[in-house]
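# structure of the sequence below:
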Amino acid sequence: MPTLPSYDELPVVPGAPKGSSWGLWGPDDRLGALNLLTPEAALAGAACVRDGAVFNLNLELELPGPPLFRRERLEHVVKDLGTIGHDDLLVNMNTQSSSQWDGFRHMRHPVVGHYNGIADEEHGVHFWARRGLVGRAVLADVERWRASAGRPIRQGEADVITVDDLQSTLDAEGVEVRPGDVLLLRTGWLGWYRSLDEPGRQGVSEGRFRAPGLERGRVAAAALWNLHISAVAADNPAVEGGPPPGPYDSETASGWRDADEAAEAMLHFSLLGLLGIPIGEMFDLDALAEHCAADGRYTALFTSAPLNLQNGVASPPNALAVK
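Below you'll find the model as predicted:
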């Protein structure tokens with residue numbers, strides 16, 4: 001595993017603001033931190049398998065329902081082929097309506113564009129799919145730790161999970177994040193969402209987005225980079241909490257014009273556009289968390305097979321954890 005610079009030591013590449021990993025893996029790189037998923041990382045993941053328990057990390061494609069952020073609702077059509085059988089048609093399938101990887105095309109950095117200075121249309125999840133994602137996962141069950149500390153996470157609110165909360169969780173679990181690990185962050189949001197009745201889910205979809213999540217700003221971006229993870233995924237809708245501050249929202253997409261303001265406003269801008277760290281959202285982590293709490297081990301073999309979709313913006317993760 002190559003020695004990586006700390007966040008403060010990242011070289012400033014012409015055309016990119018401070019806090020960018022551009023050029024670290026070459027000028028044509030489209031994998032970002034996924035470059036850390038080496039054969040050695042796959043072997044480290046395999047070494048975590050003790051009892052062979054397999055956990056599906058993918059939410060039902062129909063959830064959340066109604067979809068969040070005014071995204072399209074999936075329609076599943078079973079096409080009758082007569083006496084032969086059937087085909088499936090997935091109509092209005094938005095790759096970001098359920099469990100998802102945000103690809104580097106998903107959110108443009110408002111000042112410098114997309115990761116590594118590469119044009120939007122030259123990125124795509126097919127680069128990730130053709131490589132495959134296999135490594136060691138570390139589960140940070142922040143919801144469980146916060147509850148044990150007498151500060152249960154307030155679901156349905158913009159309850160901030162600090163970098164200190166994250167580190168305290170990892171310390172309590174007795175686990176060390178290693179370079180190339182996939183960090184899985186459990187907030188408990190998805191379990192809370194499942195508990196809602198239909199009017200409650202309708203309210204989440206229609207109201208101003210509010211959810212607990214990781215704090216924004218350079219402090220969080222630096223902390224994640226300094227862990228040298230290959231990706232971060234959470235069970236909430238955005239990894240970071242919501243709603244975003246400032247002038248940006250999904251209706252106006254006005255964004256920011258200042259790099260420092262953008263870095264403080266949305267973690268997405270730093271992770272996707274500058275650091276090349278993939279973001280996973282609405283991963284189903286509850287069953288894995290129960291198993292980890294029972295056996296005291298918070299690591300697992302992690303696999304993910306994104307859609308091999310040419311120039312795709314995002315993808316269902318098709319992710320598994322094996323213990």
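
# list the helices and strands whichever strand or helix holds Gly200 packs on?
Secondary structure here is read from DSSP states H and E; on that basis Gly200 sits in helix 198-206. Of the remaining helices and strands, none touches helix 198-206 by 3 or more CB pairs under 8 Å, 6 or more residues apart in numbering; DSSP states H and E. No exception for glycine: its C-beta is placed from N, CA and C like everyone else's.

# now do 10 Å
helix 189-194 (3 or more CB pairs under 10 Å, 6 or more residues apart in numbering; DSSP states H and E).

# how about the strands in the stretch 101-250 of the chain?
Ranges of strands in the stretch 101-250 of the chain, per DSSP state E, counting those that start in this stretch, are 133-141, 160-161, 182-186, 213-214, 231-234.

# among those strands, which is nearest Pro110?
strand 213-214 (20.1 Å; CB to CB).

# where does the stretch 101-250 of the chain have low pLDDT?
Residue ranges of the stretch 101-250 of the chain with pLDDT under 70: 244-250.

# and if we set it to 90?
110-111, 207-209, 242-250 (pLDDT under 90).

# just the helices in it please.
Shown for the stretch 101-250 of the chain, the helices assigned by DSSP state H, counting those that start in this stretch span residues 125-131, 142-148, 163-173, 189-194, 198-206, 218-227.

# as a markdown table, these with mean neighbour count and distance to Ala16 would be great.
Formatted as a markdown table, the helices of the stretch 101-250 of the chain follow (neighbours: other CB atoms under 10 Å; distance: least, CB to CB, whole Å):
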| stretch | mean neighbour count | distance to Ala16 |
| --- | --- | --- |
| helix 125-131 | 19 | 20 |
| helix 142-148 | 20 | 31 |
| helix 163-173 | 17 | 23 |
| helix 189-194 | 20 | 32 |
| helix 198-206 | 13 | 36 |
| helix 218-227 | 20 | 14 |
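
# those: which one's closest to Asn35?
Nearest to Asn35, of these and by CB to CB, is helix 125-131 at 9.2 Å.

# distance between that closest one and the chain's centre?
16 Å (CA atoms, centre = their mean, to the nearest Å).

# what packs against it?
Helix 125-131 packs on strand 100-102, strand 314-315, going by 3+ CB pairs under 10 Å, 6+ apart.

# ok, 8 Å please
strand 314-315.

# so for the helix or strand following the strand it packs on, mean pLDDT?
Once the chain leaves strand 314-315, the next helix or strand it forms, by DSSP H and E, is strand 319-322. Taken as a whole, strand 319-322 has an average pLDDT of 98.

# what's next to strand 319-322, contact-wise?
Strand 319-322 has contacts (CB atoms under 8 Å, 6 or more residues apart in numbering) with 48-49, 52-58, 99, 133, 137, 184, 233, 280, 283, 288, 300-304.

# mind putting the helices of the stretch 101-250 of the chain into a markdown table with distance to Gly15?
Formatted as a markdown table, the helices of the stretch 101-250 of the chain follow (distance: least, CB to CB, whole Å):
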| stretch | distance to Gly15 |
| --- | --- |
| helix 125-131 | 21 |
| helix 142-148 | 36 |
| helix 163-173 | 28 |
| helix 189-194 | 36 |
| helix 198-206 | 39 |
| helix 218-227 | 19 |
